[in-house]
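Participant: Quick one: sequence and predicted model below, then my questions.
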Amino acid sequence: MLRFSKIPIVVLAGFLLIFPLVCTGISALHGYISLMVFAGIYCLITIGLSLLMGYAGQISLGHAAFFGIGAYVSGIATVRFGVNPWFCMAGGMLVAAMVAALIGAPSFRLKGHYLAMATLAFGLIVNIVFREESAWTGGPDGLSRIPGLRLSGFMFNSTIRFYYLVWVIVLAAFLFAINVLQSPAGRALRALHTSETAAKSMGIDIARYKIMIFVFSAVLASLAGSLYAHFMRFINPSTFNLLFSIKLLIMITLGGMQSLWGAIVGTVLVTFLSMEWLQFFQEYESIVFGGILLLALIFLPEGLTGLPNMLAGRGKK
Amino acid sequence: MSKKMSLAMAAMLMIFGTLASPCLATYKIGALFSVTGPYSFLGDPEKKTAEMIVDQVNQAGGINGQKIELIVYDDEGDATKCNLLARKLIQQDKVLAVIGPSVSGLSLAIIPIFEQSETPLISCAASYKIVSDDQNGGKPYPWIFKTAQSDSLAVEAIYTHMQKHGIKKIAIMGDSSGYGASGREELTRIAPKFGITIVADEKYDPKDTDMTAQLTKIKGLNPQAIVNWSVGPTQVTVMRNRRDLGMDKIPFYQSHGFGNKKNIELAAGAAEGVYCPLGACNIPDLLPASNLQKAVTTQYEKDYAAKYKEPLSSFGGHSWDAMHILINALKTAGPDKAKIRAAIENTKGFVGQHGIFNFSPSDHNGLTKDAFMMVKVHNGNWALAD
Amino acid sequence: MNMASLAGQLLQYIVTGVTIGSIYAMVAIGFNIIYNVTEIINLAQGEFVMLGGLVMVSLHMLWKLPLIAAFPVTVVIVTGIGLLMNYAAIRPIRRPTVLTLIIATIAASMIIKGAAMLIWGTDSFDLTAFSGRTPILIAGAAIQPQYFWVIGFLVVIVAGLTFFFDKTIIGKAMSACSENAAAAQLVGIDVRWMVLLSFALSAAIGAIAGITMTPIALMDYDRGAMLAIKGFGAAVLGGLGSFPGAIVGGLMMGLIESLGAGFLWSGYKDAYALAALLIVLFIRPSGIMGNRDVIRFKRF
Amino acid sequence: MTAASTTAPHAVLRVEDLVVSFGGLAALMNVNFDVTQGTIHAVIGPNGAGKTTLFNVITGYLNPTEGTVFFEEHPITGLKERQVAALGISRTFQTVELFDNMTVLENVMIGWHRHIRSSLWACGLGLPFIRRQEAELRRKAMDILDFIGLADQAEDRADSLPLGARRILEIGRALATQPRLVCLDEPAAGLNETETETAAHLIRAIRDRGVTVLLVEHDIRMIMGISDRIVVLNYGEKIAEGTPAQIQADTAVIEAYLGDSGAGVYA
C-alpha cells in the first residue's frame, strides 16, 4: 500500500523552520537561504512533474514554458497594468491550465520520444514568443521593476520572509500531492503507468487522467513562475529555456523518479550543486556536473531515494 | 544512528569549511562577470582585466595601505545565478562595492538588490536603462553606475557617419540575444532624429549557420546601408554571406561588438571596408599623440598582452574603467559604502579606456558620444574612417 | 520589386534552405542509426558535429595537415570518441528507460562540451573552404561552392548507408537488431557489438557534417545543442528510424526556416519550423515517413 | 426479438454475424451465439481458433470488420474499452495484466474506480468524504479477497505472488468492478491441478452470485466440469455449440481437436 509516513514530513517541516535561523547564525552559510528560496520554487515544479513523469509516466521537456507563463503573466500584468500580484498569480495559473489542456489533448496521443519532441518544441516556441514580443515582455533583456509581494501591509521583502512564504506553499503542494497519490485518483495514475491495457478494463479514462495531471503540473509550474518573478523582481526569457526543462528532468532523475521525496531531495541537491558547490570548479564545472550525473545514473538507478533500499539490500547479502 | 549523524556532521563541516573565507583587514570588492556561458566573450576579458588591476594595485602597496581582496563570481549569463551571487556578495561576503555584471539584462536583474541593500554597483553593460529609472523620470538609481557606453552612443556615432555620407534608407539586422535586441531598440528609436528610415529589420539566432535568407530579403529592398548588431560567429558569417550575394557595394556597419581583430581574420577578407564605432582602447596606435586617452590605452594594451598573451577586447576596457573608478573612490572614501557611492558620483575628468568620465547625480554613465570613433577595416586592420 | 528578382530571391531561399536542411538531415541520420539499434535518442549527436568541425580546424589550420588527409583523421578521432561514449555512458546504465538514457546522453554531451571548451576555448574557428569561396551565380542566386560539398556529402552518406544496410552482412545484422534485438541475439548476432557499431557510424556521420559545415558557419564549442535539437526535430518530423524520413524532415526544417525568414518575420523562423513539426505530429503521431506499426513494437 | 427475450431465458450477451479480418486473413467468420444470464459459457478451440480475438471484440479492445455485439439488447460494438467496462463487462487477460507495483488489496480496490468519486481536487485536499470512501472501499475489497482466498496476502505486492494467485487476483479485480458479465481469458493457463481446482471453484462461486461468466480455456477437463454451455471455434468459425455432453459427442469437435488440424486450411 502506498502510504507516506508522517514522521519524515514533520522532520522536514522542522528542518525547514530552523534552517534560516541556523544560516543567519553562521555567516558562511548566509547565502544558503536565498539558495533555498530558489530550490523551493523549483520544488513546486518538480512535485508536479514527478506526478506527471514518475507516476503517470508521461515525459515533458517543456515545463520551463509553464514556469515562464506564470512568471510573465505576473510580470506583465503587474508592470504594465498595475494589477495586484496575488490576482496575477491566480491569473497565471488559469492561463497555464488552459494552455496545458489545449496542448495536452493532442500531445498525449504521442508516445515516447515523439512526446518528448512535441513538448520540447512547445517549450521552444513559447520561449521564442517571450523573446520576440518585446513590447510586452521586454524582449531578451527582460522585464524589470516587477513589484514584490505584500499581504495586507506585510511585505515579503527580505530573503527570509520570502523563504518562509515559498516553503509553506511547497509543503502545501507536497501534502496535496501525497493526498492525491494515496487516493483513488493516485491509484488510477499508478495503474495507467503500469498497464494501460488493464487500466482500460477497469473503466479508467486514461486520456482524462493524463491531461488532468498535465494541467495540474502546469498550474504548479505557473505558481512557481509567479513566485520567481516577485522574488527576483526581474525576468528574462533565457531563464525559461530548454536548458531549464532539462535541469528539471535531471532533478527528478537524480532524486528518484517514482518518489515525491525524490523530487524534493533531487531538486534541492541539484540547485545547490549547480548554483553553489560546483562553482568551485569554474571552467571544469560542466564536466564535473556531467560526470556526477553519469555516476548517479550508473550507481543509483533508482535515484537518491533508492539509496536506503539499496544499502539495506546489500546488507542482507 | 549516532555514527551516521557524526558522519553527516563531518561531511557538512567539510562542505562549509571550504566556504568560510579568511578574515583579513582588506578592502573587499565583489565582481560578477559572465566568465563562461554564452556571454563569455564579455566576462572573460573583464575578469582577467579586473584581476590584473588588483594585482597591480596590491603590488604597489594597495589603497591607503590596505590590500584589495577581489571576489569574482561567474554568473554564466544566467539571471537566477546572478541574483543569487549578488545576494551572496552583499549578505555573506559583505563587500564594499561590486563591479559587473557583463550583460545588460543581468544588470537590470540585480538593481533591486543593490538599491535595497545600499551597496554601490558599477555595471559593465551597455543598456541606458541601467542608469535610467523610467518610473522616476529617467533619473539614475542612486546606487547604480555603469562604465560601458550606452548603445545609443554607438548608434549616434554610426548615424552621424551616415548623415555625413548622405545615407537615409537603411536595413538593420541583428541576433536575437539581448545584445542584438538592445542595438535594434536604439537603432529604431534614434533613426528619426537623423532623418533615417529603416526599411528592413531582420533577426537570426546567435547559433545560426547562415544568414543568406535575411540578406537576400534586404537586398530586394535596396537599402543604402546595412547595420548589423551581433557578436560571436554570426557577425563574421553575415559578412561572408553578404559578399557571396554580391552586396559588398552597400556600405556595411557593424556594432562596437566587432572590436576584436580576430573577427577581421575570421572573415577571411570579407570584412574589408566594413565600418564600426570603436572606443579608444581598441585602437591606441591610431590615436593622435595629443589624445588624452593615448597613454592609458597603450599601457593597458601592453600590460594585458604581457600577462595573458592574447589581444585585448574592448569589453575588458569596461572592467578597467569600473575598477579604477572604484579604486579612486576607495582612496578618498575609505571602507564606507555611502561615502564610496558619493565619491563615484563626484568622479570628474577620469581618463579611462572608453572615454573621459564625468559623473554627476543626474548622469551615472558620464560619457558623451565622442567616446566612439568611426573605424573602417582597411587591409586587414583598423583605420580611422573619413 | 520585379518578378525576376522575386524568382531569384525564391531560388536563393531554396538553395539556402536545402543546404541548412542537409546539415540537419545528416544529424538526423546520426540519430536514426543509434535509435534503430538501441532505441536511444543520443542528444550528444550535436557534440559529434561540433567535434568534427573543431578537430578538423586543429588538424588543418594548426598542424597544417592537407584537407584530404585531415578529413579521414578527423572522422576516425570523432568515431573513437563515439565509441568511448558508448563504453562510458551508455553500457553501464543498468536500468535503461527513455528518461535515464536521455539524461545519460545529456551528461555525455556536457562532458564533451566542457572538454571542448577547455581545449579550444570559447572562440569561433574558421576552416578553409574545400573549393574556394567564389560564389556561383545561377539565375540571380548566389551559391557558395561549399554548399555543393554539404549537399554532396549528404548524398554520399545516404548512398553509402543504403549499400551498407542492404548489401553487407554487418549492415544486415544491424537491420535485424533494429527490427528485433531479442531475435537477432538468438540467431547469433552480438547485439552489444552492433550497438557499438551504431555509435561509431553515427559519430562518423556527425563528424562529416561538422567538417563540411564549418567553412560556411565557423565552429565553436557551444554549437552542439542547437544542432542536436534541430536534428532531433528533423528525425521526428520525418519519422524516427526512417532514413528517407530524416532527409525529408531535415530539408523541410531547413526550407521552412529559410522561407520563413525570407517571407515572414525572421525573428520567428525557428518557431515556424517547430510549429510545422507539432502540426505534423498531431496529424501523424509517427512522423511523415514513420511506420505506425513499428512504433507499437518499440519500447520507447 | 423482444418477444423472444421475455419467454426464453434472458440473453445477456448476443454475438451476431461477427467477422474480423486482419489484412486478408480472417480471424473470425460469421460467428453467432447467445450467452444466457447467470450461466458459465465457455468458448473453446485449438490454438489460433480466434478465441482471444472474440474476447477483444466483446470487450472493446478490437473493432470487428462486420457484425454486432449486443449487451443486454444494446449494441456495444465501436465503444471504447472503458465504455464497455462501464456498462458492466469486465475481463481478465491471458497474459495476466496486474498492477504489479501495487499491493494485492490496491489491485482489488481499483476495481471500484468507476463507481467512486475521484476528482483530483477532492483527493488532493483530502476531503472527508474521500476518506470515508476509502475506508468503505477497503472493507469491500477485503470481502472480495476473502471470497477469492487471498486475504492473507492483502498487503503483499502483486508481483510477489505466484502465477496461480495472480490469475485468481485478476479475477477478483474483475469482480470488484461489479460486472454483470465477466470474460475470463484462460484462467487456468499455467496452473497446476490444485490451483486449477481452486479456479474452477471460484468460477462456479461467481456464477452462483448471479454474475454471468464467459470463459476461454484450453483445459478441456475443467471446461467440461464447470460450463453450462460451450461454443467451439475452429479457424475462426463456430463448428459446434451445446451442453458439455453434446460437445463431447460432436464429431466435428473431435476431428478439430484430434484430426490433422493443419490440413484443411492451407489446402
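Facilitator: Yep, it's here.
Participant: need the contact list for residue 78.
Facilitator: Picked chain A for this. Counting by C-beta atoms under 8 Å, 6 or more residues apart in numbering or on different chains, A:Thr78 touches A:Asn84, A:Pro85, A:Cys88, A:Ile146, A:Pro147. Every C-beta, even on glycine, is put in place using the N, C-alpha and C of the backbone.
Participant: actually chain B
Facilitator: Here B:Asp78 is in contact with A:Ser238, A:Thr239, B:Gly37 (criterion: C-beta under 8 Å, 6+ apart).
Participant: Apply 7 Å and report the result again.
Facilitator: B:Asp78 sits next to B:Gly37 when contact means C-beta atoms under 7 Å, 6 or more residues apart in numbering or on different chains.
Participant: Now it, what are its backbone angles?
Facilitator: phi -110, psi 130 (degrees, to the nearest 10).
Participant: do A:Phe154 as well
Facilitator: phi -90, psi 120.
Participant: That one pairs with what?
Facilitator: Using DSSP bridges, the bridge partners assigned to A:Phe154 are A:Leu151.
Participant: Using the three-state scheme, assign D:Val232.
Facilitator: What DSSP: H, G, I helix; E, B strand; the rest coil gives for D:Val232 is strand.
Participant: Check whether the closest residue to it other than its chain neighbours sits in a helix, strand or coil.
Facilitator: Leaving aside its chain neighbours, D:Val232 sits nearest to D:Ala240 (4.2 Å; criterion: C-beta to C-beta, 6 or more residues apart in numbering or on different chains). Using three-state DSSP, the structure places D:Ala240 in strand.
Participant: so of the contacts of A:Thr78, which ones are in strands?
Facilitator: When the contacts of A:Thr78 are checked against strands (DSSP state E), there are no matches.
Participant: how deep is the residue nearest to D:Val232 tucked in, by neighbour count?
Facilitator: By other C-beta atoms under 10 Å in any protein chain shown, 20 other residues sit near D:Ala240.
Participant: Would you check that it makes contact with D:Asp250?
Facilitator: Yes: assessed by C-beta atoms under 7 Å, D:Ala240 is found in contact with D:Asp250 at 4.6 Å.
Participant: Okay, now the unreliable bits of the stretch 151-300 of chain C?
Facilitator: C:291-300 (pLDDT under 70).
Participant: Leaving out sequence neighbours, find the closest residue to the residue of it found nearest chain B.
Facilitator: Chain B sits closest to C:Ala217 of the stretch 151-300 of chain C, with a gap of 3.6 Å, by C-beta to the nearest C-beta. Spatially, and ignoring its direct neighbours in sequence, C:Ala217 is nearest to B:Thr209 (3.6 Å; C-beta to C-beta, 6+ apart).
Participant: same question, C:Ile136
Facilitator: C:Ile143 (4.8 Å).
Participant: how far away is that neighbour from B:Met173?
Facilitator: 21 Å (C-beta to C-beta, to the nearest Å).
Participant: for B:Ile90, same thing?
Facilitator: 40 Å.
Participant: about what we covered before: just the buried ones from the contacts of A:Thr78?
Facilitator: A:Pro85, A:Cys88, A:Ile146, A:Pro147 (16 or more other C-beta atoms under 10 Å in any protein chain shown).
Participant: Of the residues you listed, which is the nearest to chain D?
Facilitator: Using C-beta to the nearest C-beta, the buried ones among the contacts of A:Thr78 come closest to chain D at A:Cys88, 21.9 Å.
Participant: From what I see, C:Ala246 and C:Ala234 are in contact.
Facilitator: Yes: with contact defined as C-beta under 7 Å, C:Ala246 and C:Ala234 form a contacting pair (6.2 Å).
Participant: Now do the shared contacts for these two.
Facilitator: Taking C-beta under 7 Å, 6+ apart as the contact rule, the neighbours common to C:Ala246 and C:Ala234 are C:Ala25, C:Ala28.
Participant: would you turn the buried ones among the contacts of A:Thr78 into JSON lines with distance to A:Phe38?
Facilitator: Putting the buried ones among the contacts of A:Thr78 into JSON lines (distance: C-beta to C-beta, whole Å) gives the following:
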{"residue": "A:Pro85", "distance to A:Phe38": "19"}
{"residue": "A:Cys88", "distance to A:Phe38": "20"}
{"residue": "A:Ile146", "distance to A:Phe38": "16"}
{"residue": "A:Pro147", "distance to A:Phe38": "19"}
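Participant: Can you add pLDDT and distance to chain B and give those residues back as JSON lines?
Facilitator: Shown next, in JSON lines, are the buried ones among the contacts of A:Thr78 (pLDDT from 0 to 100; distance: C-beta to the nearest C-beta, whole Å):
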{"residue": "A:Pro85", "pLDDT": "91", "distance to chain B": "15"}
{"residue": "A:Cys88", "pLDDT": "92", "distance to chain B": "18"}
{"residue": "A:Ile146", "pLDDT": "90", "distance to chain B": "9"}
{"residue": "A:Pro147", "pLDDT": "89", "distance to chain B": "10"}
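Participant: For B:Asp175, give the beta-bridge partners.
Facilitator: With DSSP bridges as the rule, B:Asp175 is bridged to B:Tyr204.
Participant: returning to what we had before: are we agreed that the residue nearest to C:Ala217 is in a helix?
Facilitator: No: if the criterion is three-state DSSP, then B:Thr209 is coil and not within a helix.
Participant: returning to what we had before: so which of the buried ones among the contacts of A:Thr78 are in helices?
Facilitator: Judged by DSSP state H, helices contain the following of those: A:Pro85, A:Cys88.
Participant: So between B:Ile90 and B:Met173, which is more surrounded?
Facilitator: Shown here are B:Ile90 and B:Met173; by other C-beta under 10 Å, B:Met173 has more neighbours (26 against 23).
Participant: Mind telling me what element the more buried one is part of?
Facilitator: Here B:Met173, judged by DSSP states H and E, is contained in strand B:169-175.
Participant: Please see if stretch A:286-302 touches chain C.
Facilitator: Yes: Stretch A:286-302 reaches chain C (C-beta under 7 Å from any C-beta of the partner chain) through A:Ser286, A:Ile287, A:Phe289, A:Gly290, A:Gly291, A:Leu293, A:Leu294, A:Leu297, A:Ile298, A:Pro301.
Participant: Name the residue of the stretch 151-267 of chain D that lies nearest to chain C.
Facilitator: Closest point on the stretch 151-267 of chain D to chain C, by C-beta to the nearest C-beta, is D:Asp159, at 15.8 Å.
Participant: I'd like to know how far the residue nearest to that residue when sequence neighbours are not counted sits from D:Glu106.
Facilitator: Among residues not flanking D:Asp159 along the chain, D:Asp100 sits closest, at 3.9 Å (C-beta to C-beta, 6+ apart). Per C-beta to C-beta, D:Asp100 is found 11 Å from D:Glu106.
Participant: Cheers, nothing more for now.
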